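Peer 1: Show me how the following folds:
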Amino acid sequence: MARIGFIGLGRMGLPMARNAAKAGHAVRAYDITTAYHQAATEAGIVPCNRVDDAIADCEFAITMVPTGRQVHEVYLGDEGVLAKLPAGALVIDSSTINISEARALHDAGRTRGLAVLDAPVSGGVMGAEAGTLTFMVGGDAADLERARPVLEGMGHRIFHAGAAGSGQIAKICNNMMAACGMIVTAEAFALAKRFGMPAETLREIVSVSTGSCFSMTNYPPVPGLLPNVPSSREYTNGFAAALMLKDLRLAEQAGLDAGLPLPLGQAAAALFGMFCSAGHGQLDYSAIIKMLEGN
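Peer 2: As a prediction, this is how the structure comes out:
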């Protein structure tokens, strides 16, 4: 059993912390609001009103917060988590942030003699709730092996992506592909609908043909094709379009840093930017089909 200080109890963080506690770990948690305290307590998590209380005597500090700025606010500075962690504690940041921000966190941890892993996830809210997340981990392989029992309580697939920042590289590439795949899948459904083809027919054909992809087989944007996906829940409780836009902009920045054009990724960012600007940022990213259909 490990002692875990968990920071960030949002739609992803709370079920992750719940599964860590369910796996037998001792979890103390902090969030900027107290709205999750009752749910945390019911899940066997000890909610804390201060970050310092959550990380006191912990062996692992885990963060799941929305932005790189928030990650650095949590960890850096004289009052940050890195300055207050017990000797030998291991940091696992599962937020999706800029590659350079992730590497800066590794460097800051190294300066204080603390190991850091950047370990963003794939699987969304459903994966977090089911404990089936995929972890893409950047950092030292030996540190990953130390963290593996903790990660296995929250996910089924754990990959060592490489050195510091590599987890973020994998995550940004994955989400750029997911966004582009969702857009073209939505366009295909919209086009077939205009010609009178039922969505069920298109999905049945394409799922076993060369156009098959995750958005078609496992996460369709059309309601009613699968029972447990966001499109069948009025596009709620999924991966928010605003977060997908954030990740697409991270990919854009990575492309600029690498001197590599990303025309499809940039087009996807533009479309999700329009969708979010229209007030739909909290809907699941599969709801982009509503805009593409003209709704």
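
Peer 1: okay, now the domains of the protein?
Peer 2: 3-163, 169-292 (automatic domain parsing).

Peer 1: okay, how far is it across the shortest one, tip to tip?
Peer 2: Right, the one you point to is domain 169-292. Between the start and the finish of domain 169-292 there is a gap of 29 Å, counting by CA to CA, to the nearest Å.

Peer 1: Ok, the first one next?
Peer 2: Between the opening and closing residues of domain 3-163 there is a gap of 25 Å (CA to CA).

Peer 1: how distant is it from the center of its chain?
Peer 2: With CA atoms, centre = their mean, to the nearest Å as the basis, the distance from the averaged C-alpha position of domain 3-163 to the chain average is 12 Å.

Peer 1: Repeat that for the last one.
Peer 2: In this view, domain 169-292 has its centroid 15 Å away from the chain centroid, taken as CA atoms, centre = their mean.

Peer 1: Quick one: classify N228 as helix, strand or coil.
Peer 2: At N228, secondary structure determined by DSSP: H, G, I helix; E, B strand; the rest coil is coil.

Peer 1: Tell me where the stretch 1-150 of the chain has strands.
Peer 2: Listed in chain order, the strands of the stretch 1-150 of the chain (DSSP state E, counting those that start in this stretch) span 3-7, 26-30, 46-48, 60-63, 90-93, 115-118, 121-122, 133-138.

Peer 1: With mean pLDDT added, can I get the ones you listed in CSV?
Peer 2: As requested, the strands of the stretch 1-150 of the chain are arranged in CSV below (pLDDT from 0 to 100):
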stretch, mean pLDDT
strand 3-7, 97
strand 26-30, 97
strand 46-48, 95
strand 60-63, 98
strand 90-93, 98
strand 115-118, 98
strand 121-122, 96
strand 133-138, 98
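
Peer 1: Dump the ones you listed to JSON lines, plus distance to M177 and mean neighbour count.
Peer 2: (Glycine included, C-beta is placed from N, CA and C.) JSON lines is the format used below for these (distance: least, CB to CB, whole Å; neighbours: other CB atoms under 10 Å):
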{"stretch": "strand 3-7", "distance to M177": "29", "mean neighbour count": "26"}
{"stretch": "strand 26-30", "distance to M177": "32", "mean neighbour count": "24"}
{"stretch": "strand 46-48", "distance to M177": "36", "mean neighbour count": "19"}
{"stretch": "strand 60-63", "distance to M177": "25", "mean neighbour count": "26"}
{"stretch": "strand 90-93", "distance to M177": "22", "mean neighbour count": "27"}
{"stretch": "strand 115-118", "distance to M177": "19", "mean neighbour count": "26"}
{"stretch": "strand 121-122", "distance to M177": "11", "mean neighbour count": "22"}
{"stretch": "strand 133-138", "distance to M177": "13", "mean neighbour count": "25"}
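
Peer 1: could these go into a markdown table alongside distance to S232?
Peer 2: Written out in a markdown table, the entries for these read as follows (distance: least, CB to CB, whole Å):
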| stretch | distance to S232 |
| --- | --- |
| strand 3-7 | 30 |
| strand 26-30 | 31 |
| strand 46-48 | 32 |
| strand 60-63 | 31 |
| strand 90-93 | 32 |
| strand 115-118 | 33 |
| strand 121-122 | 21 |
| strand 133-138 | 21 |
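
Peer 1: For stretch 258-273, output the C-alpha coordinates as CSV.
Peer 2: The C-alpha atoms that make up stretch 258-273 are tabulated as CSV, following Å, rounded to 0.1, in the frame of the first residue of the first chain:
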residue,chain,number,x,y,z
ALA,A,258,10.0,21.7,-34.2
GLY,A,259,9.7,23.7,-37.4
LEU,A,260,7.1,21.2,-38.7
PRO,A,261,3.9,22.2,-40.4
LEU,A,262,0.8,20.4,-39.2
PRO,A,263,-1.9,21.4,-41.7
LEU,A,264,-4.6,18.9,-40.6
GLY,A,265,-3.9,19.5,-36.9
GLN,A,266,-4.2,23.3,-37.5
ALA,A,267,-7.4,22.9,-39.4
ALA,A,268,-8.8,20.8,-36.5
ALA,A,269,-7.8,23.5,-34.0
ALA,A,270,-9.6,26.1,-36.1
LEU,A,271,-12.8,24.1,-36.3
PHE,A,272,-12.8,23.3,-32.6
GLY,A,273,-12.0,26.9,-31.9
